[in-house]
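> below are the sequence and a predicted model; questions follow.
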Amino acid sequence: MASWQRFEEEAPELAAKARGFLEARVHKTIATLRVDGSPRISGIEAFWAGGELLFGSMPNARKAIDLQRDPRFALHSGSIDPPEWEGDTKLSGRAVEITDPEERIRLFRTRGSDPPSPQSHLFRADLAEVSTVSLNPERTKLVIELWKPGQGVRRMERA
């Protein structure tokens, strides 16, 4: 697992591209695991602070309870319909809840606000992999770029 900062250090060009796709839209989609192991999809917002990718949740939301029980998640950036589609980002890893009140306030204030409520949840993303999917310059092939900690970037094209 790796922090967003480590991802940026190991793969700066891909990290900039992935962050661009993630920042292009406020809402993202997160997949968590229900008690029975089936997937749950939820909307979520994310932000960066101190070299970390962070996301929160309203108090006792199902996605937060899922992550407290099983921290595995997948996150997908928003995307637009073709032909304007430029690409998107997917990442997965483990969510680590930040519970220290002072740390939560410090991180939220990097966005210019306090936490929405004292009971809201805040998680740090420990990354297992990050990928982007986009088109080549001719817009004739999909370009998939995949990063895993310590393994560099793998680039694939599909017609």
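Good, I have the coordinates. Numbering: from 1, shown residues only.
> what does the residue of the chain positioned farthest from its centre show for phi and psi?
Centroid-distance maximum for the chain: Glu138 at 28.2 Å, with C-alpha atoms, centre = their mean. Backbone dihedrals for Glu138, given as degrees, to the nearest 10, come out at phi -80, psi -10.
> identify the bridge partners of the residue nearest the centre of the chain.
Per C-alpha atoms, centre = their mean, the C-alpha nearest to the average position across the chain is that of Leu75, at 4.7 Å. As for beta bridges, Leu75 partners with Ile30, Leu91 under DSSP bridges.
> which parts of stretch 116-126 are buried?
Residues of stretch 116-126 classed as buried: Ser120, His121, Leu122, Phe123, Arg124, Ala125, Asp126 (neighbour count, 16 or more other C-beta atoms under 10 Å). (C-beta placed from N, C-alpha, C; glycine too.)
> what's the answer for stretch 140-159, then?
Across stretch 140-159, burial judged by 16+ other C-beta under 10 Å covers Ile144, Glu145, Leu146, Trp147, Lys148, Pro149, Val153.
> separation between the fourth one and Lys90?
In this structure, Trp147 lies at 11 Å from Lys90, with C-beta to C-beta, to the nearest Å as the measure.
> and the longest strand seen in the chain, what does it pack against?
Criterion DSSP state E: the longest strand present in the chain is strand 121-135. Secondary-structure packing of strand 121-135 (3 or more C-beta pairs under 8 Å, 6 or more residues apart in numbering; DSSP states H and E): helix 4-10, helix 12-23, strand 52-57, helix 62-69, strand 87-97, helix 101-109, strand 142-148.
> which residues do Trp147 and Lys90 both contact?
Val130, Ser131 (C-beta atoms under 8 Å, 6 or more residues apart in numbering).
> so what touches the helix or strand of the chain with the lowest mean pLDDT?
None of the helices or strands of the chain scores lower by mean pLDDT, DSSP states H and E than helix 101-109, at a mean of 90. For helix 101-109, the surrounding residues in contact (C-beta under 8 Å, 6+ apart) are Ala49, Gly50, Glu52, Leu54, Ile98, Asp114, Pro115, Pro118, Leu122.
> list the residues that contact the closest residue to Ile44 other than its chain neighbours.
Once flanking residues are discounted, Ile44 sits nearest to Ile30: 4.5 Å by C-beta to C-beta, 6 or more residues apart in numbering. Ile30 makes contact with Ile41, Ser42, Gly43, Ile44, Phe55, Lys63, Phe73, Ala74, Leu75, His76, according to C-beta under 8 Å, 6+ apart.
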